[in-house]
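Enquirer: Sequence first, then the predicted structure:
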Amino acid sequence: MQAEVSFPSPTRIQATSKGLTVEVGPPPDRGGDPESYGPFDILLCSLATCTGFQVADFLRERGFDTSAAGVRIQAERGAESHLLESVSIEIVVPSDFPEKYREAIIRAAGLCFIKQQLGSKPEISTTVTGI
């Protein structure tokens, strides 16, 4: 896996991986646009789509309609640390979803690799290279 980062303007940062380009900006207190997406927005979307993938698989395997289902994520960041302090994941299921599957779909949602990664510290090394 690889991602490349470029700086198309003083207030924009682009990352590209496998043809997908994501652009973020600095937070408003550092001169950014309040409507701009930030890195934590991308992190939450990654967690949501990863969890959604597991939920959709669970529902499809049991013959449920996924069009009435979804995932909602609510996250709180620390005022001083700016790091995530809590994350709440809500799985929205179709109205005919049986009670007997509730714990099982929660376990399935927990298989999301992004969620697992948040609980595990990868080894990160940083170097500087000249152009």
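Expert: Arrived safely. Numbers count the residues shown, from 1 in each chain.
Enquirer: How many residues are close by the nearest residue to residue 47 once chain neighbours are set aside?
Expert: In this structure, residue 47 finds its nearest non-sequential neighbour in residue 114, 4.8 Å apart by Cβ to Cβ, 6 or more residues apart in numbering. (Glycine included, C-beta is placed from N, CA and C.) Counted by other Cβ atoms under 10 Å, the residues lying close to residue 114 total 16.
Enquirer: in the helix or strand where residue 114 lies, what's buried?
Expert: Using DSSP states H and E, residue 114 falls within helix 113-118. Within helix 113-118, the residues scored as buried using 16 or more other Cβ atoms under 10 Å are 114-115.
Enquirer: elements contacting it?
Expert: If contacts are counted by 3 or more Cβ pairs under 8 Å, 6 or more residues apart in numbering; DSSP states H and E, helix 113-118 sits against helix 39-61.
Enquirer: Just the buried positions in the helix it packs on, please.
Expert: Using 16+ other Cβ under 10 Å as the test for burial, helix 39-61 gives 44, 46-48, 50-56, 58-59.
Enquirer: just stretch 66-84 next, same as before
Expert: Under the neighbour-count rule (16+ other Cβ under 10 Å), stretch 66-84 has 69, 71 buried.
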